[in-house]
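J.: I'll drop the sequence and a predicted model, then ask my questions.
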Amino acid sequence: MNKITIIILILLFQLLPAQKLEFFKQNIESKGSFVISTYSENYYKEVIKNSLPLLQPIKITGKADFEELSKLLPSYIEGQCLKVDEETLKPRIFKICTAGTKQQGDSTSIKVDGKLTVDSKLDEFYIFKYYFMEMGGYYLLNSKTQKIYHVFHEPQFSPDKTFIVVPFVDYHQSNLQIIDIESDRNLRYYLGDGRFTLNKIELAKIESFRKKVLFLNLTQKVEYDEDFQKIEDTTRNIRLLIQ
């Protein structure tokens, strides 16, 4: 049975009069409950002062190889292929393989050749980087829980490895993926229209509530209107608190 997706959102924008909401687009996909709101600098300082600040989400380190993993995780690794149990493809298994990997075809799986590497290792997590059919991303395999997670950009972890943050910005959009392993929640949050800059992203743990909160500080520069006509540049700061 598919799990029910629940979205609980509070989005409050504190914008200057010249900063019009019409230049703001968002898209949200969520499993579990999240609250998204803006925050003031005073609130940020108060939370940081009265909480346990976590380190900036740490980047992955270490190395592993397919030979090592095929012995450790045979249900997931077959030669130089990663087997993924995709819900939309059941009962067949999805296999992502390094190009040229010899595999016998069968009716129980769908095989895709591309570029697959064991990018790195962080404690019990093995991180696979893939690229095929003009698509790319990462699979995160937890060797202890035997669970696998999919993200589109480079993942970062909280120090206890229970909270995964995947921020990405480019010239016209901002994307954020969150995986909260402890509460089995995940969030994909998209902001569009404008050139985005990620100024700061911080993770803090509020001891009184025993939960983690994410502070996200972005700058959005809008150069075109909704009809793609050049306008006078509009720049604003967006501060988001996600919990």
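T.: The structure has been received and is ready for your questions.
J.: now do the SS call for residue 46.
T.: Put simply, residue 46 is helix when judged by DSSP: H, G, I helix; E, B strand; the rest coil.
J.: what pLDDT does it get?
T.: On pLDDT, residue 46 comes in at 87.
J.: contacts only, for the closest residue to residue 93 other than its chain neighbours.
T.: Ranked by Cβ to Cβ, 6 or more residues apart in numbering and with sequence neighbours excluded, the top spatial neighbour of residue 93 is residue 109, at 4.5 Å. Using the backbone N, CA and C atoms, a C-beta is placed for each residue, glycine as well. With contacts defined as Cβ atoms under 8 Å, 6 or more residues apart in numbering, the neighbours of residue 109 are 83, 92, 93, 94, 95.
J.: how much space separates residue 186 from residue 241?
T.: 18 Å (Cβ to Cβ, to the nearest Å).
J.: and residue 220, by the same measure?
T.: For residue 220, the distance to residue 241 equals 17 Å [Cβ to Cβ].
J.: and what of residue 166?
T.: Residue 166 is 18 Å from residue 241, by Cβ to Cβ.
J.: same deal with residue 176?
T.: Relative to residue 241, and taking Cβ to Cβ, residue 176 is found at 13 Å.
J.: overlap in contacts of these two?
T.: Joint contacts of residue 176 and residue 241 (Cβ under 8 Å, 6+ apart) are residue 216.
J.: neighbour count for the two, which is higher?
T.: residue 176 (23 against 20; other Cβ atoms under 10 Å).
J.: what's the closest non-adjacent residue to the more buried one?
T.: residue 189 (4.6 Å).
J.: got the contact list for the one you found?
T.: Here residue 189 is in contact with 26, 27, 28, 36, 175, 176, 177, 178, 242 (Cβ under 8 Å, 6+ apart).
J.: just the buried ones from those?
T.: By neighbour count, with 16 or more other Cβ atoms under 10 Å, those hold 36, 175, 176, 177, 178, 242 as buried.
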